[in-house]
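Trainee: Fold the stuff below for me.
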Amino acid sequence: MTTKQIVLAARPKGMPVIENFEIKTIELPGIGDNEILLEAMFFSVDPYMRGRMNDAKSYAPPYEIGKPITGGVVAKVIKSNDADFKENDMVTGNLPWQERCIVTGDGLLKIDSSIAPASYYLGILGMPGLTAYFGLMDIGKPKAGETVVVSGAAGAVGMVVGQVAKLEGCRVVGIAGSDEKVKLLKDELGFDEVINYKTAADMTKAIAAACQGGVDIYFDNVGGEISDAVIGNINFHARIALCGQIALYNTTEIPTGPRLQPMLLTRSVLMQGFIIGNYQSRFAEGSRYLAKAVQEGKIKYKETVMEGFDNLPVALMGLFEGHNIGKMIVQA
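Mentor: Down below sits the predicted model:
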């Protein structure tokens, strides 16, 4: 049996380009004892993958040149020699960018597509949803009446942060990059105000106008000049959940921005970085909260689905140009 896979061909310098990826056809062996043959259905495409394309120390090891890129995948069991999995089971796990693969059951989770669409387990019921929940609830500690600002608000994490904050009684201001995204966040997802950073003449003033009582919680998905502007409006005893810095992932030089420490010091602000793995022992808590909210219609979720396995690199590159609304998914 043959299958296609996508490997890292070369490490990018700045923004990834199509030449950084290579599509190969390989032959799969027969499955051995306790092994499972999976067929991929949906692939998750996430900003953190850009960091793993660099040969740099981080919370996850870098991708290897000539080896498949890996990430979140929803797959169907085609054949199983593992008693815990049977044919046609739907599973999710950290798997290679391959149309089919042979794995053991370690790290695989069965999913129930009767609760929500299977792809949701890569989004709101997966890593992005849990990231939103724990970053907001554990670091932000929202209280009713507080003002929450979310950058990257139309992304896979940001749209969940805003809706959870609304459920907790907060006023929510989003930052996004198109009028289409602004309309979605306000009209469908219940954000109180949304700023289009691409058309705002002065972000510091725009945030001040939208947050006249200041910012109590900032969920930072982007970094850069947007975060400088938000922190310029930060309140005493505010909390900043540092989740992503997508504005800086493709820079080739370290940018120099405002020195934020005096502002954080004099206003007694907490800024804490985190990764979702920090909360692994509490995943069940977050999953229960999110699944209940989705089933009750209290949280809505959006996906951008690109068709075709070969389009995985295009989808990943599109993240850095804002092509996605909600979770970027590739359907095999």
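Trainee: Quick check: closest non-adjacent residue to the most centrally placed residue in the chain.
Mentor: Centroid-nearest residue in the chain: residue 128, 4.3 Å away (criterion: Cα atoms, centre = their mean). Excluding its sequence neighbours, the residue lying closest to residue 128 (Cβ to Cβ, 6 or more residues apart in numbering) is residue 156, at 3.9 Å. For every residue, glycine as well, the C-beta is placed using N, CA and C.
Trainee: quick one on the thing from earlier: distance of the residue nearest to the centre of the chain relative to residue 323?
Mentor: Distance, residue 128 to residue 323, by Cβ to Cβ, to the nearest Å: 16 Å.
Trainee: So for residue 181, what's the nearest residue that isn't a sequence neighbour?
Mentor: Once flanking residues are discounted, residue 181 sits nearest to residue 154: 3.9 Å by Cβ to Cβ, 6+ apart.
Trainee: what residues are up against that neighbour?
Mentor: Counting by Cβ atoms under 8 Å, 6 or more residues apart in numbering, residue 154 makes contact with 174, 176, 177, 178, 181, 184, 185, 302, 325, 326.
Trainee: hmm, 10 Å instead?
Mentor: If you count contacts by Cβ atoms under 10 Å, 6 or more residues apart in numbering, residue 154 has them with 162, 174-178, 180-182, 184-185, 189, 191, 194, 302, 322, 324-326.
Trainee: Inside helices: which ones of the residues you listed?
Mentor: Judged by DSSP state H, the contacts of residue 154 include 162, 180, 181, 182 as members of helices.
Trainee: Quick check, the residue nearest to residue 128 in contact with residue 130.
Mentor: No - contact criterion Cβ atoms under 10 Å: residue 156 and residue 130 do not qualify, at 11.2 Å.
Trainee: the more surrounded of the two?
Mentor: Set residue 156 next to residue 130 and count neighbours by other Cβ atoms under 10 Å: residue 156 wins out with 32 against 23.
Trainee: and the longest helix for the protein?
Mentor: The helix that spans the most residues within the chain, counting by DSSP H, is helix 283-295.
Trainee: buried sites along that helix?
Mentor: 283, 286, 287, 289, 290, 291, 293, 294 (16 or more other Cβ atoms under 10 Å).
Trainee: Show me which of those is closest to residue 270.
Mentor: The shortest approach to residue 270 among the buried residues of helix 283-295 belongs to residue 286, at 20.7 Å (Cβ to Cβ).
Trainee: per the record, what domains does this structure have?
Mentor: The chain breaks down by automatic domain parsing into domains covering 2-122+302-331, 127-277.
Trainee: Helices of this structure, residue ranges please.
Mentor: With DSSP H as the criterion, the chain has helices spanning 48-52, 127-134, 158-167, 179-183, 203-210, 224-231, 261-266, 283-295, 312-319.
Trainee: Tabulate the ones you listed (TSV), appending distance to residue 31 and mean pLDDT.
Mentor: Shown next, in TSV, are these (distance: least, Cβ to Cβ, whole Å; pLDDT from 0 to 100):
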stretch	distance to residue 31	mean pLDDT
helix 48-52	28	92
helix 127-134	27	97
helix 158-167	37	98
helix 179-183	44	97
helix 203-210	54	98
helix 224-231	47	95
helix 261-266	54	93
helix 283-295	29	94
helix 312-319	24	96
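Trainee: among these, which is nearest residue 217?
Mentor: Among those, the nearest to residue 217 by Cβ to Cβ is helix 158-167 (7.5 Å).
Trainee: Counting by contacts, list what that closest one packs against.
Mentor: On a contact count with 3 or more Cβ pairs under 10 Å, 6 or more residues apart in numbering; DSSP states H and E, helix 158-167 meets helix 127-134, strand 147-151, strand 171-176, strand 215-220, helix 283-295.
Trainee: Which of those sits closest to residue 85?
Mentor: Closest to residue 85 of those is helix 283-295 (Cβ to Cβ; 20.1 Å).
Trainee: Format the CA atom coordinates belonging to that closest one as PDB.
Mentor: This file holds the C-alpha atoms of helix 283-295, laid out as PDB (Å, rounded to 0.1, in the frame of the first residue of the first chain):
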ATOM      1  CA  PHE A 283      -8.200  18.700  30.200                       C
ATOM      2  CA  ALA A 284     -11.400  16.900  31.300                       C
ATOM      3  CA  GLU A 285     -12.600  20.000  33.100                       C
ATOM      4  CA  GLY A 286     -12.200  22.200  30.100                       C
ATOM      5  CA  SER A 287     -13.700  19.600  27.700                       C
ATOM      6  CA  ARG A 288     -16.800  19.300  29.900                       C
ATOM      7  CA  TYR A 289     -17.300  23.100  30.000                       C
ATOM      8  CA  LEU A 290     -16.800  23.500  26.200                       C
ATOM      9  CA  ALA A 291     -18.900  20.500  25.100                       C
ATOM     10  CA  LYS A 292     -21.800  21.600  27.300                       C
ATOM     11  CA  ALA A 293     -21.600  25.200  25.900                       C
ATOM     12  CA  VAL A 294     -21.500  23.900  22.300                       C
ATOM     13  CA  GLN A 295     -24.400  21.400  22.900                       C
END
